[in-house]
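A.B. asks: okay, sequence plus prediction incoming.
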Amino acid sequence: MLKFATPREAVSCIKNGDHVWSNAFLALANPIELQSAIGERVRETGEPRNLTFCCSSGFGDWKEGTPNEEFIRRGAVKSVVLGHYS
């Protein structure tokens with residue numbers, strides 16, 4: 001059965017050390033709402049931590065001040081695995 005979740009609900013399922021996958025190509029289909037919700041949770045609780053992000057292409061949209069920049073600086077990300085990076 002198809003179930004929709006808010007970004008905050010989806011992020012509540014992420015635990016420390018999890019792998020988070022997205023199928024975006026840089027700014028195209030970049031899950032900015034999900035990344036914003038991760039940033040909010042990290043800011044509020046200090047978790048999740050030590051995440052591995054896996055993407056088919058680049059991570060984020062490469063603009064300064066985007067949500068993923070903040071949670072990376074706060075220690076939420078251990079590593080990033082990309083299928084394409086230039």
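C.D. replies: Alright, I've got the coordinates.

A.B. asks: C-alpha only now, for contacts and for neighbours.
C.D. replies: OK.

A.B. asks: report the next helix or strand after the helix or strand of the chain with the lowest mean pLDDT in sequence order.
C.D. replies: Every helix and strand of the chain was ranked by mean pLDDT, DSSP states H and E. The lowest is helix 67-73, at a mean of 80. Where DSSP states H and E defines the elements, the next helix or strand beyond helix 67-73 is strand 77-82.

A.B. asks: what's that next one in contact with?
C.D. replies: 49-59, 71 (C-alpha atoms under 8 Å, 6 or more residues apart in numbering).

A.B. asks: how about low-confidence regions in the protein?
C.D. replies: For the chain, the stretches flagged by pLDDT under 70 are 25-27, 58-62, 84-86.

A.B. asks: name the element the residue nearest the centre of it belongs to?
C.D. replies: For the chain, the residue nearest the mean C-alpha position is Gln35 (4.4 Å; C-alpha atoms, centre = their mean). Under the criterion of DSSP H and E, Gln35 resides in helix 32-45.

A.B. asks: leaving out the residues flanking it, which one is nearest to Arg41?
C.D. replies: Nearest in space to Arg41, with sequence neighbours left out and distances taken as C-alpha to C-alpha, 6 or more residues apart in numbering, is Glu47 at 6.6 Å.

A.B. asks: Lys78 too?
C.D. replies: Nearest residue to Lys78 in three dimensions, chain neighbours excluded: Asn50, at 4.5 Å (C-alpha to C-alpha, 6+ apart).

A.B. asks: ok so, going back, what sits up against the least confident helix or strand of the chain?
C.D. replies: The contact list for helix 67-73 (C-alpha under 8 Å, 6+ apart) reads 32, 35-36, 38-39, 42-43, 60, 77.
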